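Trainee: predicted coordinates and the sequence they were generated for:
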Amino acid sequence: MSGAIAAPRAPWRGALVYQLQRARYEPTVALGAVLLVVLAYLVVVPIGAILSDAVRVQPGDEARTGQPAGHVTAYYLWRAFGSPVSRLLLWRPLLNTCVVAIGVTLLALILGGVLAWLVVRTDLPGRKWLAPLLVVPYMMPSWTFALAWLTVFKNRAVGGPAGFLETMGISPPNWLAYGTVPIVVTLGGHYFPFAFLLLGNALRRFDSQLEESASVLGATRWTTTRRIVVPLMLPAVASAAVLTASRVLGTFGTPYILGLPVNYSVLSTSLYQSLRGGSTGVMAVLSAVIIAIGVAIVAVDSWLLREQRRFVTVGSKGAMHRRTRLRRWRIPAAALAGAAVGATVVIPLGTLTLSTIMRVPGRFEPGNFTAEFWIASRLPAFVGYPTGLLRGPGLAAAAWNSFRIVGLAALLSGALGLFVGYLAVRTQGTRLSILLRQASFLPYLVPGIAFAAAYLSLFAVRRGPIPALYGTLSLLVLALTVAYLPFASRAGIAAMMQLGREPEEAAQVCGARWWQRLWRIVAPIQRGALAAAMILPFIAGLKELSMIIMLATPGTDVLTTLSIRLQDYGYPQLANAAVLVIVALSFVVTYLGQRITGTSLASGLEG
Amino acid sequence: MPHIGLSRVSKQFPGGVRAVEDLDLIIPDGAFMCLLGPSGCGKTTVLRMIAGLEQPSAGEISVGGRVFDSVARGCFVPSEERGIGLVFQSYALWPHLTVRENIEFGLSVRAVPRAERHARVADVLRLLNIEPVADRYPSQISGGQQQRVALARMLVVSPQVLLLDEPLSNLDARLRLEMRAELKRIHQTLGSTIVFVTHDQLEAMTLGTEVAVMNAGRILQVGTPMDIYHRPANRFVAEFVGNPPINIVPVRGAGAGRLGASLHEFARRRLGSAADAAWWIGIRPEAVRLGGGHGEDRWVHPAQIETVLPTGPTWIAGARVLDATLFGVSFEKIAAGPASCSVRAEDLHLFAEDGSRLEAAPRPSEVGV
């Protein structure tokens, strides 16, 4: 037995044997190391693969480059940055991306900031039910608003059914129908909940005594705002800006729907077109550019967060939250808030619903309404999807795929996240714990579309024991699992931190072995946390488009790609109906999730 | 039988924090040992190392002659095989199991037959008076009952050693007193070795058959409670144990004033050469007599009583003597105003420059306790 008196050994050997004896009973360190290697392979290696693809001759490009496949080349860099087509491939999309990102961020900050202040710091009527409503836009797929926009503002520049305004005899100009303006407005309407939540939380923590102290010292209202409020809110504003900008960077659906008709592209759509055009080398370069911008944005954020530590306000316990009285501004302010909900939730969803029940879009006559786009058994004009949406086998298959792929990914992500949490908390204080946290957080830095590109370049061919996965559902599941790991592991770490080590240690001194402790103590206590860690990725996955459209073969439809495909075919009524189905599912799952876990999922949206 | 031996044990946490330094301690079989020290002194780490939840960086830990940890010889026995009970400060009850299931857990993982399991659970439920709540969940019972369940959960497997990590600190004063009595009763009934960690000196003094005072990862003194109180091994122990705290008067160096000079002069006259090396003189408040008291063996000086703090049974007084304030405590009423202050020579504790005790003060047996 190990407890018997053994002969003295050389000190270092004794210490080594001691550690090995320990590891036999306490596999957390060994498991943590294994998990770290797996995470490194799933996160770091794909990114490495795509960076290397950017500078190596891709199969099929031997003739163009005059070099054998796999050789180091600057051809793709030249093509993307310096060639005559570089304007089209990279520079214009880059410029458009920057304009859109800045525009959306400003819009989201202004809208989210004003609404957050109204809800948190004033006596706005109805603020209690306003707060959850204002998060709703984020629960819909990001391009919902874009489809609604097109339904109203579409003009004769593109084929298919006309927009509402066109039918009414008003022809919207191109700049209003497509391109920068509608993209900024619709994405702003989708992403402002981030700013609303982050700034709202910051305002909630903000002690109004700080303002009052300044007033007591004789500062005017303007001076107080300028010298006290703005500097203290700046870190939260910066975080919200960074989060919004990095999301916009990777978004695909909206610029695809609203940009394509006028050949307006951003980095993500240009990336997608490179993939569809078969130029994987250029795709790799574009991915690298997106990743670089994404990393830069997060770097700025973490630098700002470090700065924020200087501003930790003291004495939050006794914080006072005096609400500003709006007085005669109450009604206009309420109208403004109501308009925000209307413009970002009610009008888009209403428009989409209307578009699916009108034969001729925008003609409000009794005879014009129909349910055929939903339930008709035959729609002769729609060759690509010749039935009402609910009747066709396409919807059922896509829904089944969505549930299968996203459900499995959410399950894996949640379980993995909780396990990361368990190991990170059990090895707390060691380098391993820090590395585990960092590795599971890493996918957060990479916009989804570039991450999907990285997965394509790593798993498209057979590598060692791993077969070629392109076109399989496994690849989709794997990529989504890893992409949502940051959310799941954050939830896992938080849950394990809250539980602490003691319940497990109590079982240990009672004589329970490691697997008994895990199975009989930790797992049952964390059931709720596991559900929470799965539901968030599940909801995000239901709405996911950019990653899936990159990784799924055209034959494999999920709900989101089905909707986009129907839009591509020029069947906006069916595309809109499909999006409404996704929205409904997302609402139902969110509601069920909140019932099951007893928490507000909105709190998990913060980055 | 299970005496606990720690030999040259050190613990360094990742990140470089040295929680325990080169610690030697022998806890005799059947002892009720209290580890007493301020928070962060390493006492909980010692407890967790004995339980096997923390591994020493160096040294050897054995219980009843069986080596549990020996870094140099490569011996390790995991926590689950040590047969040691540990009650956590937070109780760490499992929220998804009922009280009965919580208690039964240790038996079921050891594959004890069902009938015996039920009998043993029933026994401890009775021993700790928690039968009525046996089928409730931990969140449905009071703090005091949770405390008992945590204890029952460990007692049911009849551990050879029972470790308690500040188990009473979350209870209110009344329950605390009850649980202290309960612990003492359990110790006497079961006769097992108990190690009890606390930062509350009153708890340590009242419960322990032995007390080890720790600070900054080292043990400063091990002894009976009376020993610790009346013959503190150094300034830290003297100041940490006792409430109200001991008066410490610097008699040499920069801090020394006129009161120090007067006391020092008296100590040298009465206590001989040991007093020459003293840097500080310590006087317990109950040894400071305000009003009355004469004689050769006393230092006497006029004083001005400035503050009087009645506690109910006692009065605590702050008396200005020369250039410093001495605190005294008395069961008789003290009034503000001029009084004579006196201290017996044998009540002076002498401490050297490094804080260690200078052995010239009277033996504890000569002190009227």
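Mentor: Perfect, I can see it now.
Trainee: from here on, just use CA atoms for contacts and neighbour counts.
Mentor: Fine.
Trainee: just the CA coordinates of whatever helix or strand A:Arg22 lives in, formatted as CSV?
Mentor: In this assignment (DSSP states H and E), A:Arg22 forms part of helix A:11-25. Coordinates of each C-alpha in helix A:11-25 appear next as CSV, following Å, rounded to 0.1, in the frame of the first residue of the first chain:
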residue,chain,number,x,y,z
PRO,A,11,14.6,14.0,-3.1
TRP,A,12,13.6,14.7,-6.7
ARG,A,13,12.5,11.1,-7.2
GLY,A,14,10.5,11.1,-4.1
ALA,A,15,8.7,14.3,-5.2
LEU,A,16,8.0,12.8,-8.6
VAL,A,17,6.7,9.5,-7.2
TYR,A,18,4.6,11.6,-4.8
GLN,A,19,3.0,13.6,-7.7
LEU,A,20,2.4,10.5,-9.7
GLN,A,21,0.7,8.8,-6.7
ARG,A,22,-1.5,11.9,-6.5
ALA,A,23,-2.4,11.9,-10.1
ARG,A,24,-3.7,8.4,-9.8
TYR,A,25,-6.5,9.6,-7.6
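Trainee: helices or strands up against it?
Mentor: Based on contacts counted as 3 or more CA pairs under 8 Å, 6 or more residues apart in numbering or on different chains; DSSP states H and E, the elements that helix A:11-25 packs against are strand B:75-76.
Trainee: next SSE downstream of the strand it packs on?
Mentor: For strand B:75-76, the succeeding helix or strand toward the C-terminus, using DSSP H and E, is strand B:84-87.
Trainee: got a list of contacts for that next one?
Mentor: Residues lying outside strand B:84-87 but in contact with it, judged by CA atoms under 8 Å, 6 or more residues apart in numbering or on different chains, are A:506, A:509-510, B:51, B:150-151, B:154-155, B:159-165, B:167.
Trainee: quick check: mean pLDDT across stretch A:240-254?
Mentor: Taken as a whole, stretch A:240-254 carries a mean pLDDT of 89.
Trainee: where does the stretch 101-250 of chain B get nearest to chain A, which residue?
Mentor: Among the residues of the stretch 101-250 of chain B, B:Gly106 lies closest to chain A, at 4.7 Å counting by CA to the nearest CA.
Trainee: would you confirm that that residue contacts A:Cys510?
Mentor: Yes: at 4.7 Å, B:Gly106 counts as touching A:Cys510 under the criterion of CA atoms under 8 Å.
Trainee: per-residue confidence for the residue of the stretch 151-300 of chain A found nearest chain B?
Mentor: Taking CA to the nearest CA as the measure, the stretch 151-300 of chain A has A:Ala299 as its residue closest to chain B, at 25.8 Å. Predicted confidence (pLDDT) for A:Ala299: 84.
Trainee: for the helix or strand where it lies, name the packing helices and strands.
Mentor: Mapping A:Ala299 onto the secondary structure by DSSP H and E places it in helix A:280-308. With contacts defined as 3+ CA pairs under 8 Å, 6+ apart, the packing partners of helix A:280-308 are helix A:45-53, helix A:75-81, helix A:230-250, helix A:267-276, helix A:448-459.
Trainee: now do the fourth one: everything it contacts.
Mentor: What that stands for is helix A:267-276. The contact list for helix A:267-276, computed with CA under 8 Å, 6+ apart, reads A:89-90, A:93-94, A:97, A:249-252, A:255-256, A:280, A:282-283, A:286-287, A:290, A:449, A:550.
Trainee: selection in PyMOL covering whichever of the residues you listed are buried, please.
Mentor: Provided next is the PyMOL selection string for whichever of the contacts of helix A:267-276 are buried by 16 or more other CA atoms under 10 Å in any protein chain shown:
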select buried, chain A and resi 89+90+93+94+97+249+250+251+252+255+256+280+282+283+286+287+290+449+550
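Trainee: the residue of the stretch 151-300 of chain A closest to chain B - how many residues pack around it?
Mentor: With neighbours defined by other CA atoms under 10 Å in any protein chain shown, the count for A:Ala299 comes to 14.
Trainee: now B:Pro132
Mentor: Using other CA under 10 Å, B:Pro132 is surrounded by 9 other residues.
Trainee: B:Leu23 too?
Mentor: Counted with other CA under 10 Å, residues neighbouring B:Leu23 total 17.
Trainee: again with B:Glu332
Mentor: The local packing of B:Glu332 (other CA under 10 Å) involves 9 other residues.
Trainee: for B:Arg320, give me the pLDDT.
Mentor: Confidence at B:Arg320, expressed as pLDDT, is 95.
Trainee: hmm, it is touching B:Ile305, no?
Mentor: Yes: with contact defined as CA under 8 Å, B:Arg320 reaches B:Ile305; the gap is 6.2 Å.
Trainee: overlap in contacts of B:Gly106 and A:Cys510?
Mentor: Counting by CA under 8 Å, 6+ apart, the contacts common to B:Gly106 and A:Cys510 are B:154, B:157.
Trainee: compare neighbour counts for these two and give me the winner.
Mentor: Ranked by neighbour count (other CA under 10 Å), B:Gly106 and A:Cys510 place A:Cys510 first, with 31 against 25.
Trainee: chain B versus that one, what's the distance?
Mentor: The gap separating A:Cys510 from chain B is 5 Å, by CA to the nearest CA, to the nearest Å.
Trainee: phi and psi next, for that residue.
Mentor: Dihedral pair for A:Cys510: phi -80, psi -10, per degrees, to the nearest 10.
Trainee: my guess is it contacts B:Met154. True?
Mentor: Yes: under the criterion of CA under 8 Å, A:Cys510 makes contact with B:Met154 at 6.9 Å.
Trainee: flag the shaky bits of the chain, pLDDT-wise.
Mentor: Looking at chain A here, since you left the chain open. Where chain A drops to pLDDT under 70, the residues are A:1-11, A:305, A:307-322, A:597-607.
Trainee: let's do chain B instead
Mentor: Low-confidence segments of chain B, defined by pLDDT under 70, are located at B:1-2, B:360-369.
Trainee: can you list the domains in it?
Mentor: B:4-239, B:245-358 (automatic domain parsing).
Trainee: most packed of those?
Mentor: Looking across those with neighbours counted as mean count of other CA atoms under 10 Å in any protein chain shown, the highest average goes to domain B:4-239: a mean of 20.
Trainee: report the distance from it to the chain centre.
Mentor: Distance of domain B:4-239 from its chain centroid, counting by CA atoms, centre = their mean, to the nearest Å, is 13 Å.
Trainee: which parts of the stretch 151-300 of chain B sit against chain A?
Mentor: When proximity is defined as CA under 8 Å from any CA of the partner chain, the stretch 151-300 of chain B approaches chain A at B:154, B:157.
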